[in-house]
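Chemist: Give me a model of this one.
(2 chains)
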Amino acid sequence: MREKTIKVEVNGDLYEREVESRRLLVHFIRDDLELTGTHIGCDTGNCGACTVLYNGDAIKSCMMLAVQADGASIDTVEGLARDGELHPIQQAFSETHALQCGYCTPGMLMSAKYLLDSNPNPSEPEIRKAIQGNICRCTGYVNIVEAIQRAAGHD
Amino acid sequence: MHPVTHGSAEHGRAWFNHAVLLSEVEYARPASVDEALVLLAGDDNARALAGGQTLINVLKQRLVSPDLLVDLAELEELTPITVAEDGSLELGAMATLSDLIASAEVQERRPILAEVASSVADVQVRNRGTVGGNVCSNDPTNHLPPLMVAAGATMTIASAAGTRTVPAEDFFLGVYMTAVGPGELLTGVSIPAAGGTGDGFFSVTVGNEGTGIVNVAATVNGEARIAIGCVSSLPVLVTSRPDDESVREAVRAADLDPPSDVHGSGEYRRHLAEVLAVRAVGYARSSG
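Modeler: Numbering: from 1, shown residues only, chains lettered A, B, ... in the order given. Model (predicted):
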């Protein structure tokens, strides 16, 4: 079928939509669900701006089709803050100035969350390895690493 | 028609909503290997979709435009990593690179697989990218093809006619080409019991853990089996005595003629092949 109806849980909400088989997951999230926090950076799987959690695992949503996500649970950056309170990782990014233009930030936050979910006290090399798939052209990564270290203390 | 010619923001938005990169394609998610084989055999232009970390980008570039994608995601029989009675390590084709890294069986029996898997791309790619996808895409810079050749792995290929096995050194046929033919599916990779074999893998990459300029995998068990990646359309297998000078001579005797590109000249790759082979064999000697 060139079009399929898929059911996807995103940030705890269930969505049912008809999508073309060729539609990328990132376009589905941004354009169909209008959750534009997930960014498209390179569209080639290099930059990590489109990182989301897919059944709990960090993945690049530009390298997956929406139809592949049928039945899956997805977390995007919109799901981090709760009741107007920033997530501790977001708070730490704010406090340590871990962003400048902010384009990479949603992907960085999701990669940081994925790391801290499985490893609450990562070393600096572990943090750097965990964000290897996320490119930032502003910060030089120093403050991002510091933010994740700070978030680890609060998480 | 270019969307801008429509003028209004409404039309622009409508166009944006339908932004697509891929050609139209049918999609199926079979529930069994048999069902997948029927689908793959039923359409000459069907493609198996594993983790998609190569194929989705290839589809975006429209280098291939299959009629049908056969998503292997639900074939749970293809995901386990187990140990066979003879001690060989059985990797399901749909085991992800992250599964390799997390596997206690891999760590115990062939830790080089986890070590190499953890240097592939980044965690997001490793969470989706599979063993089967890495070997079947057979990009000459991929990590697993030389590793499988050096380790003497055996590939299991299924089709409607049954299953057949192919040694890794006969599996890789050319750039992006393997022994998996139309209507066939790689279901697993078997790696013989280590039995005192040591493994090594060294590469020089573009940036830290980036694309390989040259990759060399080696196993040592009495003799050294050395598989060199990125220097030809398929991994080049060289055997030698495991001392440094014999390894150098064997690699020189292979008369490699690697391609030149922006990352390195053919001459530089030939030099790297020799140096990395000595390092990989040295590491394998000490880890056996």
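
Chemist: so which residue of chain A comes closest to chain B?
Modeler: Residue of chain A nearest chain B, by CB to the nearest CB: A:Gly133 (2.7 Å). Just so you know, the C-beta spots here come from the backbone N, C-alpha and C atoms, and that holds for glycine as well.

Chemist: Give me the nearest residue to that residue, chain neighbours excluded.
Modeler: Using CB to CB, 6 or more residues apart in numbering or on different chains and skipping the chain neighbours, the partner closest in space to A:Gly133 is B:Asp122 (2.7 Å).

Chemist: ok, now which ones touch the one you found?
Modeler: By CB atoms under 8 Å, 6 or more residues apart in numbering or on different chains, the contact set of B:Asp122 is A:Gly48, A:Gln132, A:Gly133, A:Asn134.

Chemist: give me that answer again for 10 Å
Modeler: Contact analysis of B:Asp122 by CB atoms under 10 Å, 6 or more residues apart in numbering or on different chains lists A:45-46, A:48, A:51, A:58, A:60, A:111, A:129-135, B:209.

Chemist: still on that earlier bit, mind checking what secondary structure the residue of chain A closest to chain B has?
Modeler: Following DSSP: H, G, I helix; E, B strand; the rest coil, the label given to A:Gly133 is coil.

Chemist: Let me know whether it touches A:Gly45 as I believe.
Modeler: Yes. Using CB atoms under 10 Å, A:Gly133 is in contact with A:Gly45, at 8.6 Å.

Chemist: re the thing from before, list the residues that contact the residue of chain A closest to chain B.
Modeler: Residues near A:Gly133 by CB under 10 Å, 6+ apart: A:45-48, A:51, A:58-60, A:107, A:111, B:121-127.

Chemist: Please apply the same query to A:Gln149.
Modeler: Contacts for A:Gln149 were tallied using CB under 10 Å, 6+ apart; they are A:Ala92, A:Thr96, A:Asn121, A:Pro122, A:Ser123, A:Glu124, A:Ile127.

Chemist: Looking at neighbours, which among the residues you listed is most surrounded?
Modeler: The most crowded member of these, judged by other CB atoms under 10 Å in any protein chain shown, is A:Ala92 (25 neighbours).

Chemist: Looking at chain B, which helix is longest?
Modeler: Criterion DSSP state H: the longest helix present in chain B is helix B:266-287.

Chemist: check contacts around B:Gly174.
Modeler: Residues counted as contacts of B:Gly174 (CB under 10 Å, 6+ apart) are B:Asn138, B:Pro140, B:Ser232, B:Ser233, B:Leu234.

Chemist: Buried only: go through those residues for me.
Modeler: B:Asn138, B:Pro140, B:Ser232, B:Leu234 (16 or more other CB atoms under 10 Å in any protein chain shown).

Chemist: what residue ranges in chain B score low on pLDDT?
Modeler: B:1-20 (pLDDT under 70).

Chemist: got a list of what A:Asp43 touches?
Modeler: Counting by CB under 10 Å, 6+ apart, A:Asp43 has contacts A:Leu24, A:Val26, A:His27, A:Ala49, A:Cys50, A:Lys60, A:Cys62, A:Met63, B:Leu21, B:Asn57, B:Lys60.

Chemist: For the nearest residue to the first one once chain neighbours are set aside, which residues are in contact?
Modeler: The shortest distance from A:Leu24 to any non-neighbouring residue, by CB to CB, 6+ apart, is to A:Cys62 (5.7 Å). Listed by CB under 10 Å, 6+ apart, the contact set of A:Cys62 reads A:24-27, A:38-51, B:21, B:56-57, B:60.

Chemist: go again using 8 Å as the cut-off
Modeler: The contact partners of A:Cys62, by CB under 8 Å, 6+ apart, come to A:Leu24, A:Leu25, A:Val26, A:Ile40, A:Cys42, A:Asp43, A:Thr44, A:Gly45, A:Cys50, B:Ile56.

Chemist: Lovely, talk soon.
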